[in-house]
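any chance you could fold what I've pasted below:
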Amino acid sequence: VGAGPAGLTCAEELRKRGFGDITIFGDFSAAQVRTENIDGVTADLAACYLHAGYWNTVAPLVREHGLRLRYLPPAQLVQAGLEPFRPTRAERLRTAAQTARFLRSSIRYLATCRGESSRRYGVSLETFLAERGLGALAHSFILGPGGVAQGYGYLDRVAAHGALRWFRPSLFATALTQRFGRGTAVIVEGYGTLFRRILEKHRHDNRLVARVHAGGRAARPTLRLADGTEREFDQVIVACPLTEVESPVSAAVRGGVESTRLFSVLWRSAQAPRFADRVYCMQQLRTKAYDRLLTFRSYGLSRRGDWIYWGVGYAEAEPFGGALAQIRGDFGHADAEVIEQRVFDYNLRFTAEAIARGAHLEVERRQGEGGVWYSGGLLSHWDIDAIAEHNRRLGRRLAHRLTPPRGWARVGAALEAVRLAAEDC
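Numbers count the residues shown, from 1 in each chain. Okay, the predicted model is just below:
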């Protein structure tokens, strides 16, 4: 139920594990995936980068579907007027010291992790770092080798252990490898092309689902569609936001979900870019301004002979006036012609209050109950790599439960059970 990144990656994982009779419900639309062709230029207007960890999750999907990856040079940090930001020697030394201290503490934390500590959700990343004297790391690893290493700069409402997951040593290794061409990448043909090709492999019903009923001893799980018809299935995976469909976990989730409000501007200009691929605006990183673009990138030269740009920032009621002044003033694109501007929700997540009352644990406890599973981005994280990893793991769990092994296969199943138990821990 859901034709976004979660539903499609889950369907693909199940297909690889021998579940061939799969139906995907819902429109192919999601805030995280949107690819457009603008006068011959392919532009991802939502998710656009592959970050740390993608090599084992999204990259295999890209290769399997005949698409290409392109590795990017490190992002540039700029000040007003697109002048390069150059941190002082003191700032670099302070960040290096805090990075080393964070790595040491995160390794110690992971080595002594216990179940109770995994419940430490609901704290902002800035607060989490500030409480540990790591304030210089609060802005998206911006002083990492080669520039920005990852992401927007703020993971609102992440778990303490979730922050450690993001800052684990492999992330900093990824920052280092950017200098050797193996850091951030993009899909040349676009994220939307990848997920449309996955969708084409499965039966697709674009009707919306209104309610999911769990099965019982003598009944299978049932979907009630928006047009009033009902369908029975052996297993149902709810891969759309849990706020969009009534399900057995609705009571636990209701009123406990929030998101980040973003805005984006797509424009064209005769001004050629003064940077390699993308820039992050240092002032907005530091102040989290709500009426300015935080980051923007160039998609290339169109058939019309002008350049296509796309930028994103944090939104309040009407952010576009300030953003357009920034584009035409600070960026020097006085001739900018706006193609599209929109506000959208991103990074769907549990609220601190919902986590405090155990909503996330209730959803996890009910995984597979009555033949209903839950796999949406709410349960993983806001980037597609994390969604793909969550669904790959969910596919392993579902297959392990539904296909009892025989003979020597039991040995592999026992090892799989140990691995799943370790991941649960």
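
in this structure, which spans are helices?
Along the chain, counting by DSSP state H, helices occupy 5-16, 58-64, 89-111, 125-131, 160-166, 169-177, 191-199, 250-253, 282-287, 320-328, 352-356, 359-365, 384-402, 409-424.

worst average pLDDT in those helices?
Lowest mean pLDDT within the helices of the chain: helix 160-166, a mean of 40.

let's check: the centremost residue of the protein is which one?
Taking Cα atoms, centre = their mean, the centroid of the chain lies closest to Asp383, which sits 1.0 Å from it.

now Val78: closest residue in space, sequence neighbours ignored.
Spatially, and ignoring its direct neighbours in sequence, Val78 is nearest to Val279 (4.9 Å; Cβ to Cβ, 6 or more residues apart in numbering). All C-beta atoms are positioned from the backbone trio N, CA, C, and that covers glycine.

what about the strands in the stretch 201-350 of the chain?
Using DSSP state E, counting those that start in this stretch, the strands of the stretch 201-350 of the chain run over 203-205, 209-213, 222-225, 230-232, 236-238, 257-269, 278-281, 295-301, 307-314, 337-350.

mean neighbour count and mean pLDDT for the ones you listed - can I get that in a markdown table?
Listed next are those as a markdown table, based on neighbours: other Cβ atoms under 10 Å; pLDDT from 0 to 100:
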| stretch | mean neighbour count | mean pLDDT |
| --- | --- | --- |
| strand 203-205 | 14 | 91 |
| strand 209-213 | 19 | 91 |
| strand 222-225 | 18 | 92 |
| strand 230-232 | 13 | 92 |
| strand 236-238 | 26 | 92 |
| strand 257-269 | 20 | 88 |
| strand 278-281 | 24 | 84 |
| strand 295-301 | 20 | 91 |
| strand 307-314 | 23 | 92 |
| strand 337-350 | 17 | 86 |
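
between those, which gets nearest to Leu378?
Nearest to Leu378 among the strands of the stretch 201-350 of the chain is strand 337-350 (5.0 Å), distances taken as Cβ to Cβ.

neighbouring strands - and their directions - for the closest one?
strand 257-269 (antiparallel) (DSSP bridges).

figure out how far the partner strand is from the centre of its chain.
Centre-to-centre, strand 257-269 and its host chain are 15 Å apart (Cα atoms, centre = their mean, to the nearest Å).

can you check stretch 190-202 too?
Centre-to-centre, stretch 190-202 and its host chain are 17 Å apart (Cα atoms, centre = their mean).

equivalent analysis for stretch 79-91, please.
28 Å.

going forward, begin numbering at 31 instead of 1
Yep, numbering from 31; the last one is stretch 109-121 now.

now it: buried residues?
Neighbour counts using 16 or more other Cβ atoms under 10 Å place Phe115 of stretch 109-121 among the buried residues.

confidence score at Asn67?
Reading off the confidence values, Asn67 has pLDDT 93.

and for Arg423, the neighbour number?
Using other Cβ atoms under 10 Å, the number of residues around Arg423 comes to 17.

next, find the distance separating it from Val275.
For Arg423, the distance to Val275 equals 22 Å [Cβ to Cβ, to the nearest Å].

what's the answer for Thr252, then?
Shown here: Thr252 relative to Val275, a distance of 13 Å by Cβ to Cβ.

if I look at these two, which residues touch both of them?
Val242 (Cβ atoms under 8 Å, 6 or more residues apart in numbering).

could you count how many residues lie near the closest residue to Ser299 other than its chain neighbours?
For Ser299, ignoring the flanking residues on the chain, the nearest one in space by Cβ to Cβ, 6+ apart is His363 at 4.1 Å. Look at His363: counted by other Cβ under 10 Å, it has 19 neighbours.

quick one: contacts for His363?
Trp297, Ser299, Gln301, Tyr339, Ile357.

go again using 10 Å as the cut-off
Residues in contact with His363 (Cβ atoms under 10 Å, 6 or more residues apart in numbering) are Trp297, Arg298, Ser299, Ala300, Gln301, Trp337, Tyr339, Leu354, Gln356, Ile357.

which one of those is nearest to Lys46?
Tyr339 (38.1 Å).

for Tyr329, see how far away Leu107 is.
For Leu107, the distance to Tyr329 - Cβ to Cβ - is 20 Å.

repeat that for Ile417.
The gap separating Ile417 from Tyr329 is 24 Å, by Cβ to Cβ.

same question, Gly335
Gly335 is 14 Å from Tyr329, by Cβ to Cβ.

the residue nearest to the centre of the chain and Gly407 touch, don't they?
Yes. Using Cβ atoms under 10 Å, Asp413 is in contact with Gly407, at 8.8 Å.

overlap of the contact sets of these two?
Contacts common to Asp413 and Gly407, judged by Cβ under 10 Å, 6+ apart, are Pro35, Gln62, Asn377.

switch these over to CSV; also include distance to Leu324.
Shown next, in CSV, are these (distance: Cβ to Cβ, whole Å):
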residue, distance to Leu324
Pro35, 22
Gln62, 17
Asn377, 14
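
what is the nearest of those to Gly96?
Minimum distance to Gly96 across the shared contacts of Asp413 and Gly407 is 18.9 Å, recorded for Pro35 (Cβ to Cβ).

count of neighbours near that closest one?
28.

that one is in contact with Asn421, isn't it?
Yes. Using Cβ under 10 Å, Pro35 makes contact with Asn421 at a distance of 8.5 Å.

overlap in contacts of these two?
Any residue near both Pro35 and Asn421 by Cβ under 10 Å, 6+ apart counts here, and that gives Ala269, Gly406, Gly407, Ser410.

so for the third one, what's the nearest residue that isn't a sequence neighbour?
Using Cβ to Cβ, 6+ apart and skipping residues adjacent in sequence, the residue nearest Gly407 is Ile417, 5.0 Å away.

ditto for the second one
Spatially, and ignoring its direct neighbours in sequence, Gly406 is nearest to Ala36 (4.9 Å; Cβ to Cβ, 6+ apart).
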